[in-house]
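In: here is my input; please provide its structure:
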Amino acid sequence: MIPADLRFAKTHEWVRIQGDVARVGISDFAVKELTDLVYIDLPADGRAVQVGDAFGEVESVKAVSDLYAPVAGTITAVNSELPGNLQWLSEDPYGKGWIAEIQLSDPAQAQALMAADAYKKFCDSEQH
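Out: Predicted coordinates:
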């Protein structure tokens with residue numbers, strides 16, 4: 001079940017807006033596509049990112065995938081417990097599996113991302 005309060009990029013990152021901060025992770029769909037995760041490279045705290053910047057990567061037994069910033073701003077926190085608990089990405093991708101928090105340079109940017117229902121349709125079309 002995709003939480004209704006999230007917004008999504010076409011690259012499968014999700015955003016939960018809390019004031020002028022965006023908590024970012026990767027979707028359950030992305031985790032299932034990658035399968036068997038073995039490593040995550042978290043972004044640097046304090047790093048400025050623009051929409052579409054690669055800011056980390058996640059590695060599975062079959063591929064290495066870049067993580068892309070879905071919004072612009074400055075990374076203010078990273079989930080430092082995640083590399084030792086990669087199962088959180090599959091068990092709780094929208095909760096414990098968050099990757100970073102970004103102080104938004106323009107909170108309105110998040111409105112350009114897909115709402116949960118549009119993202120579900122997007123994923124359904126990717127499977128065909």
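In: from here on, contacts and neighbour counts on C-alpha atoms
Out: Noted.
In: middle-most residue in the protein, spatially?
Out: Residue closest to the mean C-alpha point of the chain, counted by Cα atoms, centre = their mean, is G25 at 2.6 Å.
In: so where do the strands sit in this protein?
Out: For the chain, applying DSSP state E gives strands covering 7-8, 13-18, 21-26, 37-41, 48-49, 54-60, 64-68, 73-78, 100-104, 114-115.
In: thought the residue nearest to the centre of the chain was touching W98?
Out: Yes - look at G25 against W98 with Cα atoms under 8 Å: they come within range, at 4.5 Å.
In: list the contacts for the nearest residue to E13 once chain neighbours are set aside?
Out: In space, not counting the residues next to it along the chain, E13 is nearest to I26; the distance is 4.3 Å by Cα to Cα, 6 or more residues apart in numbering. For I26, the contacting residues are 12-14, 89, 93-94, 98-99, taking Cα atoms under 8 Å, 6 or more residues apart in numbering as the criterion.
In: can you pull the poorly scored residue ranges out of the protein?
Out: Scanning the chain with the threshold set as pLDDT under 70 gives 128.
In: okay, and the beta partners of the residue nearest to the centre of the chain?
Out: With DSSP bridges applied, G25 shows beta-bridge pairing to W14.
In: from what I see, A116 and M1 are in contact.
Out: No - A116 is beyond contact range of M1, at 9.6 Å (criterion: Cα under 8 Å).
In: which one of these two has more residues nearby?
Out: A116 (18 against 7; other Cα atoms under 10 Å).
In: what sits closest to that one if chain neighbours are left out?
Out: The spatially closest residue to A116, leaving aside those adjacent along the chain, is A4, at 5.4 Å (Cα to Cα, 6+ apart).
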